[in-house]
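Chemist: What follows is a predicted structure for the sequence shown.
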Amino acid sequence: MNRSCYPNMFRLTLLLCFLWHGVAFAQEKSITGKVSSDQEPLSSVGVQVKGTDRRIVTDASGNYKITVNSNDVLVFTYIGYVTKEMSISNLTGSILNVTLEKDIAQLTQVVVVGYGTQRKSDVSGSIVSVKPDAMNAIPTASISEMLRGKASGVQITTESSRPGGSSNILIRGQRSLSGGNAPLYIVDNVPVNNVNDINAADIASVEILKDAASQAIYGTRAANGVILITTKRGMAGKVSVDYNGYTGIQQLKKNFSLYNGSEWATLRREAFRTENAGNNYESDEVVFDPIARKVMANGQAIDWQKFMIEDALSQKHDLSIRGGGDKTQIAASLGYFDQRGMVAGAGFRRGTGRINIDQKINKIVSVGANLSFTRNKLTQEDGNLNEYIITSPLAQPYGEDGNLQLFVNGENTTNPKFLNEQTVNETTTNRLLFNVFGNFDLFKGFRYRVNANINTRNNEQGTYRTKLYLKGSNIGNAASISSGNYNDYLVENIFSYEKDLNEKNRFDVTLLQSVYKEVSRTTSLSGSQLPTDILGYNGLPSAQVIGTPSRNVTDRTLLSYMGRVRYTLMDKYLFTLTTRVDGSTVFGPSNKYGVFPSASVAWRMEQEEFIKPVNWISQLKLRANYGQVGNQAVSPYTTLGEVNSYPFLFGDGSFQTGYLPNNQLSNPNLKWETTTSLNLGMDFDLFKGRISGALEWYNTDTKDLLVSKSINQSLGYSSVLINLGEVNNKGVEFLLNTIPVRTKDFTWGIDLTYTANRNKIVKITGDVDEMGNPVNDLNNNWFIGKPINVYYNYLFDGIWQTGDDIANSFMPTAKPGDIRVRDLNGDNKIDANDRDVILRDPKWFGSFGTSFKYKAFDLYLDFYTVQGSVRSNPYLYDFNSGGSLSGKTNGIRVNYWTPENPSNEFPRPRYSSTIQFFSALGYQDNSYIQFRTATLGYTLPARLVNKVGIQRVRAYVTGNNLFNATDYSSYSPEVTPAGYPEPRTVLFGLNVSF
Amino acid sequence: MKKIYYLVTVAAILFTSCKKAMLDETSKDKITQDAVFNTPEGLSTAVTALYNLDRNIFRNDAESTVWTSFIRAEDITVTRAGSGIGFARYDNTINASTSQVRLFWSHYYTIIERANKIITSGEQQGLTNAEVAQAVAEAKVFRARSYFYLFRTFDRIILNTEPTTVDNLERTYTPANPEDVYALMYSDLDYAISKLTYNPQNIGRYTQGVARHVKAQVALWKKDYEEAALQADEIITKGPYKLLTDPGDIFKGANLNHTEAILVSQWDRAAGGSAGNPVGHRLAQYFVPNYFKQAGILVSDANGGSAWGRTYPNPYLLSLYSANDKRLAAFYKLFWVYDNPSTLPAGKTLGQRVTASNASIYFDQLYPACFKYVDQWTKLAPNEAQSFKDIIIYRLAETYLIGAEAHMRLGGANDVTAVKYMSDLRSRAGLGPFNGAVTEDLILDEDARELSFEGQRWYMLKRLGKLVERVKLYAGDPAVNAIQARTGIQSYHVRWPIPQSEIDNMKGKGNFTQNDGYPQ
């Protein structure tokens, strides 16, 4: 120690003294209290000592505890609520309960708009926010299914109801004919292809961008809408631990009957009788095989649906921990979902884990990471579920020895249960997402953000059929393994600057540059004649016959630049201008880059002096916007003119591989589809939130549609992909949230959505006929001026009856019991010109939800309806679906014609010949009203649970998919009876917060 | 602070320095057309692919009903059931929307366009290269065969020798002048005859023999009997082919590349030997009744294996054979006997002939079967509903009949060559030397006896103008109430309708309308 240290030591001591003095001077005490609003405790409210870093958040019951000095001020902040400051100096005692007011004007509520957030009041586009609360109680792994009925303009249709199945989302109607119509999903700023990997319990908010101006920042991928999902993040304060879980039972629900044994026997006898020259019944010896006759004699016909489909369990459990200090916040969760199939062999299990970390390094730099892992296993039953419908009921699933047998009747019809037990079909998927980001607040208002992500998804599907398996040419003892590897990479550089020029002028600028690359690889191997069943598909290497392996590699790269300027004038007039430039590998060499501009303007009328005095208007905003987005509908390598490989083994044993183009003529000039749309909207909030909602009108034109144009087969190809078509979508959307009753103990809310979209093909190929009229595409059933989704067929007009003057009619060769179709053009004959267009799309769809809250009880009822849509039901006419009335297969029971039963609904059964015009009677109205959800919950009294260290316990019962009112004969109106039945589920659940 | 600025600058430079090359695209897993059509090796692979494509005519849908549609529509068969039964009944389900019609049309036009591409590319590369010339020659046989099938089936067709690109899609469609179709087929086949040898590089490829055989068929159709005679004589005298001594050997075995075979569709369960991965054809079970429904009969290869009971030889066909005709036993199975002790019905004995209690059961389960495609060589189990047995497309016996007819037309019924050819064929069947008159009726009957169920008879009847007359007289079987064809057939049924999708597509582009008789 040298001398120069002394003065320093002295100063330090002095400083310590001062500090000590200071601490002694200010009186420190602990304050506790509860934050609530409308008698409801508010959790996660930020409580901060003004001017310090001391900050915590309230727990699940709204309680907080913080150390303050007697002259401090506490600031209470919560999104969507007016911030409140409370001075401690006037406080006597140590309890401070605070009531926060809802921010009706939503001045501070922010919404995610893509590449940043925006105050809800400043949003000038059409963006819907969906609260995740109601979503997690829908017993499915499909995020899309959870969004059903939650937002206007968003149509959800079931693609598959099987465990692990998915649903399609259509935002503001179908735009693309050949390209996909699925929206772009952005999860925590990262595009995600398979949204079902995300655990709904992790979601903090979902925002749906519906108009082109909001979507334009996502350029060439945004034409079908953008869904932004934000997951929950940690917050400073007490660590909160939440458990949510349910267990439920799934049951079969259907609205049709099959023929039972004796009904089916009658049908088959009629089918034979029709073809008997003398119109006589054949003997049972002729009509039925010996086993069918035996089953008829002992009366043990089988109902295959009952035999194959039974009730099944499903369950979901989620555990999450959130918390952190001033500099580090963490949210972590684990989830488990298990849905057993109602058919043996079907099932889906998924485990998820997620960690979101935010770390503040210094005043300038903050970094974060999101890590999420998903593992799931999908197992599938053998064959097609329509076997349960078409297999003859006069059959014996069990042999003499009491074991399941392969053939169930004398016609070698196979036994679905036996085959199901001889089959393994499982797919395991692992998905890991690793996302890191850094924010650099370089100077006031200026921020640079770098966002990097890698997402990897590996799956392996293995199938095996044992030696006992035999179904037609599907011979058993065969294995296949297919493994896929998918990766995407993203690097984004985002610069943003915001500046309040003065009280009246605020603006911000965002610039983006990004690179995104996707690579997908699949390898499939198959083989048969394995020496043993023991190893299942893992025995593939020992197969004596190895199939041709297949390998698929696709990649695409997207290079993007985006700029956005937002300007707010006097808090009344809001302007946004954006442009995105996207370059993509998949487009033809001359069309690599697309430019997508947009502009929008909004007028906050409630800020005007002439509205301000009207105190029942809290918000009234008019919006108008116009913009362009693209659809990257071209698949990788399409423009390159790829050829298929055609292996050939010559008679001398020489194995050679040939290469030729496939049936689609290659086109090197392909580019994106461009959607231009105008959107007008109004947001309103009246009587302090009692009535709020939005009204939208839009007009969308999509040009350069990729059309798979049918070309003359005499040119050697069936079609060519070409940018030709034009489609228009027009629609209105209405969203209304009301709270008719809001008292201390009782709250009643009603939410409505209504959507009507009109879709119209404006141009297909541009070809005109000799009269100069545009030519429709009859191969694809595309008609100018009609919607994309139509049927084109003869119109069913009843059944020819015995007394009818058939010989002199327009169908002179018909016989009584045949189908009569309409002679549409009245030329007294039936030919191709008598077909008519039948519209499929719904005229409108909507939802109705109502919630009641009485003290500790809550009740939620949710209805969904689709009106005016038509769907062809193959189960009413198609042979392979059991609808042909041939008596060869079972099927949906209908009122068919016989000489004794002059039905006008269905024709006369025929054993071997096909029935003409049969498909014309398959069109059913599939409008429906679905009672989707009913939930009854009870929250245990806080006093009771707090004693054991629990903040909150809520128990609930939910019924899902309770009934469908529809004329469409199926398990559900959106899937045919061959699809996996959409179950009715009743579940019991628990929410616990520690 | 400085470090951060530095970092940001580096990051910005790193991520913005993107080159145009980033957006260039190359296929990672498939070859592109450039590689195929611009090199001699590429052209060879393209021709190999045509053999694969062509094989699909035997399995173009789940029931193989495209190719069998013609067999069902003949005078010598009877059809019980199955998709496409309308072809056997000549009812209104044969129309422009019938799936078989479109499949047949598109099958051959696809081959034609690919052949056009190979021929045009080959000519651009230069025909002096031997590999190119070989590929072009094989492609020309594909084109000629395809046009011949289309022309015989539809009568009015579109003649197209251009490869299709996005720039030449706009066309005007007019029915081709038959003379132009003949001229193209002749010139294609002449080129192939000049370039191809009798001994192909790989068994199953087109040879000079195939080209000559097809040319003989075309010549008969054109009534150019001298050419037909010349080609048939050439094949019979100079080709490497020989009639097998025993008719029972013609369809025996998985591999049918024997000395009588001129063109054989190659099938095998191994990779590349089938339509899919591995998917066989259905002909083995198509012509065998559902005997397995009878208790007491084993499901065995000898009994017919897997059976669908679609189409059978009718009594008229069987009546054409004399009892000592070896072909009767070689090509058909006329009855079944009890051979399964474990399911033997009470009161029956093993070896006893199974009889049907009534006509319907007989039709379904015990009707005589055609065994030409029955397969005991490639199936994993008798029950397997597919087969990988080769299919004979042309064989020397047909060449003999073509030769006999051509010489008969030129030199009369007692023409020495015509009589000799007929005699050779009948001797092989065990009927002894023949020295009678070779009449058109004899040719027709011998064709039925020798080549039944081989896919050429419908065309022969059409060529001779006998289709409607013969179907009215003999098609089906009254004993099983299956004679709808006899009343159903109309004069317009000698040709198929043009596919409706094709008519729809050609509207406003020329004057190609539907064939007469079918709804316009």
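Modeler: Noted; the coordinates are in hand.
Chemist: So for the chain, the centremost residue is which one?
Modeler: Reading this off chain A. By Cα atoms, centre = their mean, chain A has its centre lying nearest to A:Ser144, at 2.1 Å.
Chemist: You answered for a different chain; I wanted chain B.
Modeler: Nearest to the mean C-alpha position of chain B, by Cα atoms, centre = their mean, lies B:Trp67 at 5.6 Å.
Chemist: pLDDT value on residue 210, please?
Modeler: Picking chain A for this. Per-residue confidence (pLDDT) for A:Lys210: 88.
Chemist: actually chain B
Modeler: pLDDT at B:Val210 comes out at 98.
Chemist: who in the stretch 151-300 of chain B is up against chain A?
Modeler: B:157-158, B:160, B:164-166, B:169, B:171, B:173, B:202-205, B:255, B:257, B:264, B:266, B:268-273, B:277-280, B:282, B:290, B:292-293, B:295 (Cβ under 8 Å from any Cβ of the partner chain). C-beta here means a position set from N, CA and C on the backbone, and glycine is covered the same way.
Chemist: Drop anything exposed from those residues.
Modeler: B:157-158, B:160, B:164, B:169, B:171, B:173, B:202-205, B:255, B:257, B:264, B:266, B:268-273, B:278, B:280, B:282, B:290, B:292-293, B:295 (16 or more other Cβ atoms under 10 Å in any protein chain shown).
Chemist: dump the residue contacts of the residue nearest to A:Gln48 when sequence neighbours are not counted.
Modeler: In this structure, A:Gln48 finds its nearest non-sequential neighbour in A:Arg55, 4.1 Å apart by Cβ to Cβ, 6 or more residues apart in numbering or on different chains. Contacts for A:Arg55 (Cβ atoms under 8 Å, 6 or more residues apart in numbering or on different chains) come out as A:46-49, A:236-237, A:326.
Chemist: Check for me that the residue nearest to the centre of chain A belongs to a helix.
Modeler: Yes - counting by DSSP: H, G, I helix; E, B strand; the rest coil, A:Ser144 falls inside a helix.
Chemist: Number of residues surrounding B:Trp308?
Modeler: Residues near B:Trp308, counting by other Cβ atoms under 10 Å in any protein chain shown, number 19.
Chemist: so it touches B:Asn290, yeah?
Modeler: Yes - counting by Cβ atoms under 8 Å, B:Asn290 is a contact partner of B:Trp308 at 7.4 Å.
Chemist: got the residue ranges for the strands in chain B?
Modeler: B:77-79, B:261-265, B:311-313, B:332-333, B:369-370, B:391-395 (DSSP state E).
Chemist: I'd like the mean pLDDT over the fifth one, please.
Modeler: Over the span of strand B:369-370, the pLDDT mean works out to 97.
Chemist: packing partners for it?
Modeler: Counting contacts by 3 or more Cβ pairs under 8 Å, 6 or more residues apart in numbering or on different chains; DSSP states H and E, strand B:369-370 packs against strand B:311-313, strand B:332-333.
Chemist: and that strand, which strands flank it?
Modeler: strand B:332-333 (antiparallel) (DSSP bridges).
Chemist: any residues touching the strand it pairs with, and which ones?
Modeler: Here strand B:332-333 has contacts from B:288, B:303-304, B:313, B:318, B:368-371, B:374, using Cβ under 8 Å, 6+ apart.
Chemist: Same question for stretch A:903-911: list its buried residues.
Modeler: Buried, per 16+ other Cβ under 10 Å, within stretch A:903-911: A:903, A:906-911.
Chemist: I'd like to know which elements the helix ranked longest in chain B is packed against.
Modeler: Criterion DSSP state H: the longest helix present in chain B is helix B:99-125. Helix B:99-125 sits against helix B:33-37, helix B:40-55, helix B:65-72, helix B:130-154, helix B:500-506, with contacts defined as 3+ Cβ pairs under 8 Å, 6+ apart.
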